[in-house]
Structures are given as C-alpha cells and as structure tokens.
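*Asks:* Model the structure of this input:
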Amino acid sequence: MQLKINGKQMDLGDALRTHISDKLEDINEKYFNRAIEAIVTMSPEGQAFTKTHISIRVGKDIMVMSDAVEADHYGSFDSAAEKVAKQLRRYKKRLRDHHERLEDEDVEKMMQAQNYVIAAELTEKEEEVPESAIVAEMATNIQVMSVSEAVMRLDLSGENAMLFRNPQHEGLNMIYRRPDGNIGWIDPDGNALPSSVKAVNG
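*Replies:* Down below sits the predicted model:
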C-alpha cells in the first residue's frame, strides 16, 4: 500500500508518521489487505485543534474516507482511523467476496463523464452559474453496479450522492443521503423498470 502523509502548516514529526503508517497497515491487513493507496492530511483547525482527513483506495473507484477533529495530533488521527476501520469492518465480507468482480468490471460498460466543481456563491444578479464559476473539471467514470453496491460505496466514501448505471436496465440511477438518515434512490422515467423514487434504510 502506497502511503502519503501530509502536514499542512504543521510539522508532524517522525514519531507521528511512524504511528500513522503502522496503524493504517494494521487496519489494511486486518480488514482488507488489498488497499492500493492511502493519503493522510493533517492541518490546524482553529487555534487549539487538529483536523485529520484519511482517504484510502481499496479497489477500482472504491474509496474509504473519514475526517476527525480533536485537541491533539494523535487523538485526531486515531479518531479518523477508527472511522475507517469501522467502515471496513462493516463491509469486510462484501468487499472480499466481490473483489474480483469489482476489479474486473467491463470497462466498455462504463460511461465517461465530466465532473465539475462549481463555486458555491453567486451574486444576487446572477440567475445562472457563470462559466467562470467552474473551479475544477475532471474526467470520471459512471460505473455499472447494483443499488446495494452503490449504497456500500456511498457509505464508504462519505459522499452525499452517487450516480451509477443499474445493471437491470442499463439506465442511470442516483442515490443520495436524506436529512432523515436514510438513503434516497432515484430511478428516472425512461428506464426499463417503472419510474420510482425510493428510500433505502441507511
């Protein structure tokens, strides 16, 4: 597993870097043992706290991410690492059972798309997002997966929404986090199955 440890506006020191490396290797060996890359970024939060962001790639387009804010460096990392371990523990069996299928997905079935990041704030006079408000543009893949697999990936990544192709009809579907804690599932008109908007227990 490739590991990158970044300190933004702070010196992490050799002891902390060794602690981070050892703990992530232990988590990887215990729960999955196929992680490709892990990135740990630590930065000051306010005047007395440390924020840790962990991102681990455990397969093709499968990311596990977590964040934590604590009063000290070690506590911040350990809290974020425990969240990662909890997610991997929850999906350990499914990730291992489906590893070969997830890694060998038919690339031809993937849809290519552009992923844009748009500035959040507009002036009161702007009715549409101006072209200059696009602050990032990236290529992304829209993969074929079942609803339950999409829910797993959404949960692991910590993202708020995910677009995917449903293998039952090859149409586009979306799942998203609802304010009530459940996960919404949108199956648009035009797909082979009846149009629906469902709630899946999260």
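
*Asks:* all contacts plus neighbour counts: C-alpha atoms, from now on.
*Replies:* Will do.

*Asks:* So which bits of the top helix by length along the chain are buried?
*Replies:* As assigned by DSSP state H, the longest helix anywhere in the chain is helix 73-97. Within helix 73-97, the residues that count as buried by 16 or more other C-alpha atoms under 10 Å are 73, 75-85, 87-88, 91, 95.

*Asks:* Now the closest residue to residue 83 other than its chain neighbours. Its backbone dihedrals?
*Replies:* In space, residue 83 comes closest to residue 66 once its chain neighbours are excluded; the distance is 6.2 Å by C-alpha to C-alpha, 6 or more residues apart in numbering. Here is the backbone geometry of residue 66 (degrees, to the nearest 10): phi -150, psi 160.

*Asks:* do the same with residue 10
*Replies:* phi -160, psi 150.

*Asks:* show me the contacts for the closest residue to it other than its chain neighbours.
*Replies:* Counting by C-alpha to C-alpha, 6+ apart, residue 10 lies nearest to residue 43, which is 6.5 Å off, once chain neighbours are set aside. For residue 43, the contacting residues are 7, 8, 9, 10, 50, 51, 52, by C-alpha atoms under 8 Å, 6 or more residues apart in numbering.

*Asks:* For stretch 16-26, which residues meet the burial criterion?
*Replies:* Buried residues in stretch 16-26, counting neighbours by 16+ other C-alpha under 10 Å, are found at 20, 21, 23, 24.

*Asks:* helices or strands up against the longest helix of the chain?
*Replies:* Using 3 or more C-alpha pairs under 8 Å, 6 or more residues apart in numbering; DSSP states H and E, the elements in contact with helix 73-97 are helix 13-31, strand 49-59, strand 62-70, helix 147-157.

*Asks:* now with 10 Å?
*Replies:* Helices and strands touching helix 73-97, by 3 or more C-alpha pairs under 10 Å, 6 or more residues apart in numbering; DSSP states H and E, are helix 13-31, strand 37-45, strand 49-59, strand 62-70, helix 99-103, helix 147-157.

*Asks:* Need those in TSV (columns: distance to residue 183 and mean pLDDT).
*Replies:* TSV is the format used below for the helices and strands packed on helix 73-97 (distance: least, C-alpha to C-alpha, whole Å; pLDDT from 0 to 100):
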stretch	distance to residue 183	mean pLDDT
helix 13-31	25	93
strand 37-45	27	94
strand 49-59	22	90
strand 62-70	18	90
helix 99-103	22	54
helix 147-157	8	87
